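# when you get a sec, could you give me coordinates for this:
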Amino acid sequence: MTDRLANKICLITGTGGSIGRAAALMFANQGAKIVGCDINVQADAETIALVQAQGGEMVSLSPCDLTQTADCDALVAHAIQTYGRIDVLYNNAAMAYFEPMDEIGVESWSKTIDQELNLNFLLTRAAWKHLAESGGAIVNVGSACGMLGFATLPSVAHAAAKGGVIAMTRQLAAEGRHHGIRVNCMSPGVTLSQQTAPLLADESLSKPLLDKIMLNRVAQPEEVASLALFLASNESSYITGANIPIDGGMTAW
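Okay, the predicted model is just below:
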């Protein structure tokens, strides 16, 4: 199958990162036209080149700071000016800061909430009317940390932010139904990425997490992107307001 997203205009954030790049390549391979963005201009340019090398179509706006209203508005405007509509918004981009409760500062807390929760709100708000016009789909990214507590992972801010994303998804779905907008969330467990590599290298943090994974391994970026593709496609046309774990069984026991 190569047309699961045929002619859909898909706005994917964080396309310079591990999962964002995998999604851009996968979505484009399935017929989507990609609008990307990233803080890292070079990494995003590499993703654009990879998409184009496989025959796909992608434009992007980088650097783009999604915690800034003006940048969110500019990104949506870029998509509309280029393609005339937005069919899918995949809120992939995020950045977490891991500190335990007895050490975390207000700055780390605020940065995590800003860069994992607020940015989703700002971009979704900017794109909402266009998604209503197309009867589009939103794919948000929660986390197993938004569903469980982990004694050895210092993630109070991350857990709060991702729990907020999960809750926001349900409310957006309730409001989106009036406009034909489907809104779903996927909650990855431990996934190999640029951000998680340092944590996985610290066995005191990683071993208890890995011991909770039924499949005995971490997820690959492409596996997470595959679920995003399903939620973006018409194959999930009867799914909205859902939070789907993609965690190797981590939250099941």
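# for the one helix or strand L11 maps to, packing partners?
Using DSSP states H and E, the element containing L11 is strand 9-12. Packing partners of strand 9-12 (3 or more C-beta pairs under 8 Å, 6 or more residues apart in numbering; DSSP states H and E): helix 18-29, strand 33-37, helix 69-83, strand 88-90. From N, CA and C alone the C-beta is placed, and that goes for glycine too.
# dump these to JSON lines, plus mean pLDDT.
JSON lines is the format used below for these (pLDDT from 0 to 100):
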{"stretch": "helix 18-29", "mean pLDDT": "97"}
{"stretch": "strand 33-37", "mean pLDDT": "98"}
{"stretch": "helix 69-83", "mean pLDDT": "98"}
{"stretch": "strand 88-90", "mean pLDDT": "99"}
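# give me the most central residue, the chain.
Centroid check for the chain by C-alpha atoms, centre = their mean gives N92 as the closest residue, at 1.8 Å.
# what sits against it?
Neighbour list for N92: I12, T13, G14, T15, G17, I19, G20, A23, V139, V141, A228 [criterion: C-beta atoms under 8 Å, 6 or more residues apart in numbering].
# max pairwise distance over the residues you listed: which two?
Pairwise distances across the contacts of N92 peak at 15.3 Å for G17 and V139 (criterion: C-beta to C-beta).
# in the lowest-mean-pLDDT helix or strand in the chain, which residues are buried?
Lowest on mean pLDDT, DSSP states H and E among the helices and strands of the chain sits helix 197-201, with a mean of 78. Under the neighbour-count criterion of 16 or more other C-beta atoms under 10 Å, helix 197-201 has L199, L200 buried.
# could you do stretch 125-143 as well?
In stretch 125-143, counting by 16+ other C-beta under 10 Å, buried: 126-128, 130-131, 133-134, 136-143.
# which ones among those map onto helices?
A126, A127, W128, H130, L131, E133, S134 (DSSP state H).
# next up, the contacts around the third one.
Spelled out, that is W128. I181.
# any idea how far H130 is from Q81?
12 Å (C-beta to C-beta, to the nearest Å).
# I should have written D87 there, sorry.
9 Å.
# quick one: common contacting residues for those two?
G136.
# so for stretch 140-158, what gets flagged as buried?
140-148, 150, 153-158.
# tell me the one of the residues you listed nearest E116?
The closest of the buried residues of stretch 140-158 to E116 turns out to be H158 (C-beta to C-beta; 6.8 Å).
# hmm, the closest one is touching G142, no?
No: in this structure H158 lies outside contact range of G142 using C-beta atoms under 8 Å: 10.7 Å.
# may I have the phi/psi pair for C185?
Here is the backbone geometry of C185 (degrees, to the nearest 10): phi -130, psi 140.
# which ones are touching the closest residue to E103 other than its chain neighbours?
Among residues not flanking E103 along the chain, P154 sits closest, at 7.6 Å (C-beta to C-beta, 6 or more residues apart in numbering). For P154, the contact set (C-beta under 8 Å, 6+ apart) comprises F98, E99, P100, M101, E103, I104.
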